[in-house]
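Asks: model the following, please.
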Amino acid sequence: MSAPTSPRLGLAYLAAAQAQKHVTLNDALRRLDAVVQVAVASMSVAVQPASPAEGETYVLPPGAAGPAWGTMLPGSLAAFQDGAFVEIRPWAGFLAYVADEGSLQLHDGAGWGPAAAAPDGAARFGVNTPADATNRLAVKSDAVLFSHDDVTPGSGDMRAVFNKSAAARHASALFQSAYSGRAEIGLAGDDDFHLKVSANGASWADAMVVNAGTGRVLLGASGTASDALHVKAAADPALRLEEAGSSSHLVLRHVSSGQSVLEHVAATGQALIDLSPQVQDGVSASLFRFFRSVNTTAPCRIDINRGDGTATVNHSFMGKSHTFLNRTDGFVKVGGGASAPNPVCAVDVDGPVRVKGYTVAGLPAASVGAGQIVFVSDETGGAVLAYSDGAQWRRVTDRAVVS
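Replies: Residues are numbered from 1 along each chain as shown. Next comes the predicted model:
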């Protein structure tokens, strides 16, 4: 053997006929004890400890100071053996467990670095828990941090991307309680955005669906939203607006086919729904319109029911096609009768009709309009109804001029 030491670990060979062979052998054993299955106390302690334990080893950081450490190179192993620190210079391939960090460090020939990083293309990777064939990336931790890259530097963004192979598949985040699903958010079974919930992990309900093509929001069921916000349920779907801290609320709900309810529940006092249209200029007229967007032969009607909880109609305002709101087929029915307006009468009054009373001296001008009817209280022949012929007021009894 031409070299006195081994090429990798620098162990001294025993020479032929060497005296004191045990000394050389013991030195080699001490070196092996330091470099085989290396475990160091720390790689961040910069000041040589005063009373280290026998065999205690450190990786020296830059600027390490002390009687022995000050003469050693940064990155070297400083092993305390037989009352003194011995320097062992590592090379590529050295592995060292760092006790105060709980990390495994690898020397690459230039310096130390973490040895636990997963290589590119690793089939699976687990952090504090085993990964498996289904969960190829598994993390068991109280928290997980994803941050933008401030070293490269990057764009400043941080995006987690979930990609699926087809619209019918899932790309979503699943939230569990005791490993049983309770909520799911993402693209669940189609390309719309879903928020789904479950009470048992088996039966799921869509709480919200956002249409991928229109951006319309559907609440309460799966399907396609017809408007910007669409509330849908199998029975009695409702949209509720409630003032925090008060039992006063407004509910709009569909109760049956062809029937919807706008309901205001007041905490105390009179239930009131105010409709207050505002105009930008503050002076323009306000207008409410009730109409069908498509003209039909059936009327558009507003019914005012009795206040006793029944469906009995007290007042009805109807409009057919584009007629006025208070007309039905050109006729008006006034009164509490249940019958429809008489089709030969423009006004059908179910009950007495009262016209305004005047004295002869106080009668309005007859010329304002022929056909006016008034009650004259002091006519010569006695109180009588009178009508205007466009020139004179005449008694309805005998057509004589009122006097």
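
Asks: can you check the pLDDT for Arg216?
Replies: According to the prediction, Arg216 has pLDDT 92.

Asks: can you tell me which residues contact it?
Replies: Contacts for Arg216 were tallied using CB atoms under 8 Å, 6 or more residues apart in numbering; they are 210, 224-230. To be clear about C-beta, it is placed using only N, CA and C from the backbone, and glycine gets the same treatment.

Asks: how close does the spatially closest residue to Gln372 that is not a sequence neighbour sit to Pro352?
Replies: Take Gln372 and drop its neighbours on the chain: the residue closest to it by CB to CB, 6 or more residues apart in numbering is Ser388, 4.2 Å away. Separation of Ser388 from Pro352 (CB to CB, to the nearest Å): 22 Å.

Asks: who has more neighbours out of those two?
Replies: Set side by side, Ser388 and Pro352 show more neighbours around Ser388, with 21 against 6, by other CB atoms under 10 Å.

Asks: is it true that the more buried one touches Val376?
Replies: No - using CB atoms under 8 Å as the test, Ser388 is too far from Val376 to be in contact (11.7 Å).

Asks: part of a strand, is Gly70?
Replies: No - membership of Gly70 in a strand is not supported by DSSP: H, G, I helix; E, B strand; the rest coil, which gives helix.

Asks: re earlier: dump the contacts of Arg216 to CSV, plus pLDDT, neighbour count and distance to Ser51.
Replies: Supplementary listing: the contacts of Arg216 in CSV, determined by pLDDT from 0 to 100; neighbours: other CB atoms under 10 Å; distance: CB to CB, whole Å:
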residue, pLDDT, neighbour count, distance to Ser51
Val210, 95, 14, 67
Thr224, 80, 13, 77
Ala225, 79, 21, 75
Ser226, 79, 11, 81
Asp227, 80, 10, 79
Ala228, 84, 9, 75
Leu229, 84, 11, 74
His230, 85, 19, 76
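
Asks: among those, which ones are in strands?
Replies: By the criterion of DSSP state E, membership of the contacts of Arg216 in strands covers 210, 229-230.

Asks: show me what contacts His148?
Replies: His148 makes contact with 154-158 under the criterion CB under 8 Å, 6+ apart.

Asks: can you redo these as CSV with neighbour count, distance to Trp204 and pLDDT?
Replies: CSV is the format used below for the contacts of His148 (neighbours: other CB atoms under 10 Å; distance: CB to CB, whole Å; pLDDT from 0 to 100):
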residue, neighbour count, distance to Trp204, pLDDT
Gly154, 10, 37, 83
Ser155, 9, 36, 91
Gly156, 8, 37, 92
Asp157, 7, 32, 95
Met158, 11, 29, 95
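
Asks: make TSV from those and add secondary structure and distance to Asp281 to it.
Replies: Formatted as TSV, these follow (DSSP: H, G, I helix; E, B strand; the rest coil; distance: CB to CB, whole Å):
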residue	secondary structure	distance to Asp281
Gly154	coil	51
Ser155	coil	47
Gly156	coil	46
Asp157	coil	45
Met158	coil	48
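
Asks: of those, which is the nearest to Gly126?
Replies: When those are compared for distance to Gly126 (CB to CB), Met158 comes out closest, at 22.9 Å.

Asks: I'd say that closest one and Phe146 touch.
Replies: Yes - applying CB under 8 Å as the test, Met158 and Phe146 come out as touching, 5.6 Å apart.

Asks: how many other residues sit next to Val144?
Replies: Val144 is surrounded by 7 other residues when neighbours are defined as other CB under 10 Å.

Asks: give me every residue that touches the closest residue to Met72 other than its chain neighbours.
Replies: In space, and not counting its chain neighbours, Met72 is closest to Glu87: 4.4 Å by CB to CB, 6+ apart. Contacts for Glu87 (CB under 8 Å, 6+ apart) come out as 68, 71-73, 76-78.

Asks: element containing Glu87?
Replies: Assignment of secondary structure by DSSP states H and E places Glu87 within strand 84-88.

Asks: what are the pairing partners of that strand, and which direction each?
Replies: For strand 84-88, sheet partners with direction are given as strand 77-81 (antiparallel), following DSSP bridges.

Asks: give me the average confidence score over stretch 235-246.
Replies: Taken as a whole, stretch 235-246 has a mean pLDDT of 74.

Asks: buried ones in that stretch?
Replies: Applying a neighbour-count criterion of 16 or more other CB atoms under 10 Å, the buried positions in stretch 235-246 are Pro237.

Asks: which residues touch that stretch?
Replies: Contact partners of stretch 235-246, identified using CB under 8 Å, 6+ apart, comprise 220, 231, 248-255, 267.

Asks: show me which of these are buried.
Replies: 220, 231, 248, 253-254.

Asks: what pLDDT does the nearest residue to Thr397 once chain neighbours are set aside get?
Replies: Spatial nearest neighbour of Thr397, chain neighbours left out: Val384 (6.0 Å); criterion: CB to CB, 6+ apart. At Val384 the predicted local distance difference test score is 96.
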